[in-house]
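Chemist: Following is a predicted model, sequence given first.
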Amino acid sequence: MALHLSADAPASVAAAPQKYLFGPFIDFFMLGGSALVILPVLYFVPLRYEAALTLTMFLLSHLINQPHFGHSYQIFYRNFARKVRGEGYGRSLQIRYILAGIVVPLAMAAFFAYGSLTGNARLLGNATNAMGFFVGWHYVKQGYGMLMVDAVLKRRFFSDQDKKVLLFNGYAVWLFAWLQTNVVITERQFWGLEYYTFAVPPWLITIAMSIAAASSAAAAVMFINRWRRHGGALPYNGVVAYVVSLYAWILFVTLNPLWLLVVPALHSLQYLAVVWRYQTNVERDRADAVEKPALKALSILGPVYRLRVLAFIVVGAILGALGFWLVPMALADLIPYDKAVFGSSLFLFIAWIFINVHHYFLDNVMWRRGNPEVSKYLFR
């Protein structure tokens, strides 16, 4: 979720009332502030509790994580035929929708089909490396996007130069973190399929670390200068989202095994804050939004638009369960394959890689500047 928004606004605009997605505390908690509380606590958990806590974090992570993937499909493929035809969308955005919505999934399906049919487990294993690459990139862009969203809501816009500093720092930190996971050639497994990291030369790690440190310092100086120029005013929730995404969720996440379990849930919570607000505005825009539900038993939930938002959330949870668990497990029972080569979880492997990688491409289209739906519904 990377929104490239306008430059600094005039003083009259900057003085406008500040807005929130849901409220100051909820925004802080969902956009990244929860990590400042949860991750330190997990770091000091006694070893005797780690097994039970690991299971709890694993279940909680999927309870939050899977619906956020489902929501991206709900939003992206809504009125997809109109998007493909370019009705109300610019030519560039139309092409992006076609590539991300049709070309990319077909290309990935062909890759997995070829690797499976030819018995090439090594080739399929390389997809895990690709997932790690794109997931880190996605975290960076979403953290940056959250900062831009909060900047618009608070009327504290960033200049083009400031945004370049933020983006460069994000990519530098992510690249250094990703290279660190490939210091030596190591055999690992993901859902029973082996894959290999590769050996990055030490001098390249040193260069990447130096660039990441310098860009982090530049970003810190930029934030301080803006704080001084604007009388101590910053889009603080967005700043927290940006800093947490880069450093707590990417650069230092390997400091504690429990962090690796909970970070996907925190990242998804960040995403859900924006998506739920966006969908609420979509439903409020309908002509019958404030009418009472037809069933009196449902009237306790309020206007009909709230029921529709709730239905959206439930459908997202169902899609997540289907995509990550139910469909791949059913395919494993229905479609024979060489378990001696691929193990017993081939379709779980394919589903998890496919959804994680495709999610990056979907978000890269949906939340772009110039998307009429984002402009209409996200900042209301």
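Modeler: Ah, there it is.

Chemist: What separation do you get for residue 226 and residue 44?
Modeler: According to CB to CB, to the nearest Å, residue 226 and residue 44 sit 34 Å apart. To be clear about C-beta, it is placed using only N, CA and C from the backbone, and glycine gets the same treatment.

Chemist: next one: residue 361
Modeler: Applying CB to CB, the value for residue 361 to residue 44 is 38 Å.

Chemist: Buried residues of the helix or strand hosting residue 34, list them for me.
Modeler: Following DSSP states H and E, one finds residue 34 within helix 34-43. Using 16 or more other CB atoms under 10 Å as the test for burial, helix 34-43 gives 34-35, 38-39, 42.

Chemist: Distance from the chain centre to that helix, please.
Modeler: Its chain's C-alpha centre and that of helix 34-43 lie 19 Å apart, by CA atoms, centre = their mean, to the nearest Å.

Chemist: What mean pLDDT does the next helix or strand after it get?
Modeler: Later in the chain than helix 34-43, the nearest helix or strand by DSSP H and E is helix 50-76. The average of the pLDDT scores along helix 50-76 is 88.

Chemist: Okay, angle between helix 50-76 and helix 34-43 too, please.
Modeler: Orientation of helix 50-76 against helix 34-43 (axes from the mean of the first three to the mean of the last three CA atoms, to 10 degrees) gives an angle of 160 degrees.

Chemist: Who are the packing partners of the biggest helix by length in the chain?
Modeler: As assigned by DSSP state H, the longest helix anywhere in the chain is helix 121-154. Packing partners of helix 121-154 (3 or more CB pairs under 8 Å, 6 or more residues apart in numbering; DSSP states H and E): helix 104-117, helix 160-180, strand 187-190, strand 193-196, helix 236-243, helix 257-284, helix 339-342, helix 346-366.

Chemist: Packing partners of the longest one?
Modeler: In this structure, helix 257-284 makes packing contacts with helix 34-43, helix 50-76, helix 121-154, helix 304-321, helix 372-377, judged by 3+ CB pairs under 8 Å, 6+ apart.

Chemist: Out of these, which is the most enclosed?
Modeler: Counting by mean count of other CB atoms under 10 Å, helix 121-154 has the highest mean neighbour count of these, with a mean of 22.

Chemist: any idea of the mean pLDDT in that helix?
Modeler: Averaging pLDDT along helix 121-154 gives 93.

Chemist: With stretch 370-380 instead?
Modeler: For stretch 370-380, the mean pLDDT works out to 87.
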